[in-house]
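Chemist: here is my input, please return the structure:
(4 chains)
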There are 2 protein chains.
Amino acid sequence: MVTQRQLEEREMRRQRILKGALQVYQQEGIEKATMDGIARESGFGKATLYYYFDSKEEIFVELLRTGWEQIWESVEVYIGVTGSPREKFISILKTIARMIADDRAFFGFLFQAPAQMPNLPEERQPWRVHQNRMYGVLRGLLEDGMSLGEFPRMESRLLLRAMGGLFHGLFFLGTPGKEISEEGIDNFLTNLFSGSGLTMDSESRY
Amino acid sequence: MVTQRQLEEREMRRQRILKGALQVYQQEGIEKATMDGIARESGFGKATLYYYFDSKEEIFVELLRTGWEQIWESVEVYIGVTGSPREKFISILKTIARMIADDRAFFGFLFQAPAQMPNLPEERQPWRVHQNRMYGVLRGLLEDGMSLGEFPRMESRLLLRAMGGLFHGLFFLGTPGKEISEEGIDNFLTNLFSGSGLTMDSESRY
DNA sequence: TTAAATTTCGACTGTTCATTCGGAATATTA
DNA sequence: TAATATTCCGAATGAACAGTCGAAATTTAA
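Modeler: Just a heads-up that it's a prediction; the model follows:
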């Protein structure tokens, strides 16, 4: 028989291992994210990791899944809220930007890790469920906004990709020293979406 | 003594090996881009690869270097040309888009491979020289264009990153089936840069 | 308190792969 | 043609690392 406490302790140990995996990833990069490293960081013997997880892959997939779940939950909030598509869209992007800024290491992992683990079959990418939902919501908002004239008309798919690239680059590429402020993002979005002439920054007249 | 012909033949063999490496990368992904695979594809014995290259890394770095060199050469042309910054900027992006569309496999490699080979010290990333020059030119054009009012004012760094993300996503991420036309890019750019109200698509009035 | 269940783990196994070894084959030059 | 230089290569080497084994330690239940 298994008590509730035991289940909770197991879960805590799983979390410890996940945390260790993330630490290894951060400190040494994905290359050196070995099971030996995770064992070291999490304070378990290597064999014990396999008591809690089936494989190394499962550990990283679990990290990705919970991460995207978090993102999705922060986005989901805006679905029912009142407000124009444009307002919602920008709120969501700013929320995500804030989440990323608050835990850059974790979200860095979220955005980089999938590229390093190619060739996973669909069913081994459970995080994509939330990822796709999120893109779906954003794209829907974009399209609704366009038909209301709140955004310039363009291919929403293209624009989303640009936004994805922006977020990616914003936090994880190029010169690592340069932090980018929320204000910077704000300006960027304002300018990017001012194409329809609805709001125009006074500085950019001429 | 080494004749000119010998030098040329050596160079041809190096090219053969590089071509083989790219084929392996395309057909099997970076995971399986092994020296055995390259030997197989290029038609040399494995040990022979080491007669022409010091290491596996050198092979891939050489591919990256020549690729970015090509991109740079296509960009460089526009420096001396007459025309507004905005016109030049868009011409350059369209040129690059065309290059990518013409040899998607190669440029896919160019954009994806660096992410898979992290931890290289600066001096082992010679392609960055051309990469940086290109970004410098583009950024310069953006900034000149902004002060002429041809672009909306925004952080050129941010915008470039969005463009980078766009190109990346455009060709190599997401649903692989969907090709994106040059016209699509054209529309996107037009809309993206219509923020200052200089050119306004009639459809997006309201 | 002792048998059963749960948790832990260092050492081992097996595989993959870059790189090297030692010399063979081929081409060039004298 | 013989000596030398260049080009070629399959088999061995060694390192890295995911995953397994068999048993020990600890906790729980009777």
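Chemist: and chain A, what are its domains?
Modeler: A:1-53, A:59-204 (automatic domain parsing).
Chemist: distance from the last one to the middle of the chain?
Modeler: So the one you mean is domain A:59-204. Centre-to-centre, domain A:59-204 and its host chain are 8 Å apart (C-alpha atoms, centre = their mean, to the nearest Å).
Chemist: same deal with the shortest one?
Modeler: Its chain's C-alpha centre and that of domain A:1-53 lie 22 Å apart, by C-alpha atoms, centre = their mean.
Chemist: returning to what we had before: export the domains of chain A to TSV and append columns for mean neighbour count.
Modeler: Using the backbone N, CA and C atoms, a C-beta is placed for each residue, glycine as well. Listed next are the domains of chain A as TSV, based on neighbours: other C-beta atoms under 10 Å in any protein chain shown:
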stretch	mean neighbour count
domain A:1-53	15
domain A:59-204	17
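Chemist: tell me which helix or strand the residue in chain A positioned nearest to chain B sits in.
Modeler: The minimum distance from chain A to chain B, using C-beta to the nearest C-beta, falls at residue A:165 (0.5 Å). Element membership of residue A:165, judged by DSSP states H and E, is helix A:156-172.
Chemist: that older thread, out of the domains of chain A, which gets the lowest mean score?
Modeler: If you rank the domains of chain A by mean pLDDT, domain A:59-204 sits at the bottom with a mean of 78.
Chemist: circling back to that earlier point, for the closest residue to the residue of chain A closest to chain B other than its chain neighbours, give me its contacts.
Modeler: Once flanking residues are discounted, residue A:165 sits nearest to residue B:165: 0.5 Å by C-beta to C-beta, 6 or more residues apart in numbering or on different chains. Listed by C-beta atoms under 8 Å, 6 or more residues apart in numbering or on different chains, the contact set of residue B:165 reads A:161-169.
Chemist: if we go to 7 Å?
Modeler: Counting by C-beta atoms under 7 Å, 6 or more residues apart in numbering or on different chains, residue B:165 touches A:161-162, A:164-166, A:168-169.
Chemist: and for residue A:109?
Modeler: A:22, A:25, A:63 are the contacts of residue A:109 under C-beta under 7 Å, 6+ apart.
Chemist: if we use 10 Å, what do you get?
Modeler: Shown in contact with residue A:109 (C-beta atoms under 10 Å, 6 or more residues apart in numbering or on different chains): A:21-22, A:25-26, A:30, A:33, A:60, A:63-64, A:67, A:103, A:172.
Chemist: how would you label it: helix, strand or coil?
Modeler: Using DSSP: H, G, I helix; E, B strand; the rest coil, the structure places residue A:109 in helix.
Chemist: close to DNA strand D: what parts of chain A are there?
Modeler: A:1, A:3, A:5-6, A:31-36, A:46-47, A:50, A:55-57 (C-beta under 7 Å from any atom of the strand).
Chemist: any idea which of the residues you listed is closest to residue B:110?
Modeler: residue A:31 (20.8 Å; C-beta to C-beta).
Chemist: got a list of what that closest one touches?
Modeler: By C-beta under 10 Å, 6+ apart, the contact set of residue A:31 is A:25, A:116, B:116-119.
Chemist: which bits of chain A sit near DNA strand C?
Modeler: By the rule C-beta under 7 Å from any atom of the strand, the part of chain A lying against DNA strand C is A:1-2, A:6, A:9-10, A:13, A:39, A:43-48, A:51-52.
Chemist: try 10 Å this time
Modeler: For chain A, the residues in contact with DNA strand C (C-beta under 10 Å from any atom of the strand) are A:1-3, A:5-10, A:12-14, A:16-17, A:35-36, A:39-40, A:42-52.
Chemist: in strands, which of those residues appear?
Modeler: In this view, the residues of chain A next to DNA strand C have no member that belongs to strands under DSSP state E.
Chemist: can you tell me which of those residues are in helices?
Modeler: A:5-10, A:12-14, A:16-17, A:35-36, A:39-40, A:42, A:46-52 (DSSP state H).
Chemist: please name the nearest non-neighbouring residue to residue A:46.
Modeler: Nearest to residue A:46 is residue A:39, by C-beta to C-beta, 6+ apart, at 4.2 Å.
Chemist: quick one: that neighbour and residue A:47 touch, right?
Modeler: Yes. Between residue A:39 and residue A:47 there is a contact under C-beta atoms under 10 Å: 8.5 Å.
Chemist: quick revisit: ok, of the contacts of residue A:31, which one's closest to residue A:144?
Modeler: For these, the nearest to residue A:144 is residue A:116 (35.4 Å; C-beta to C-beta).
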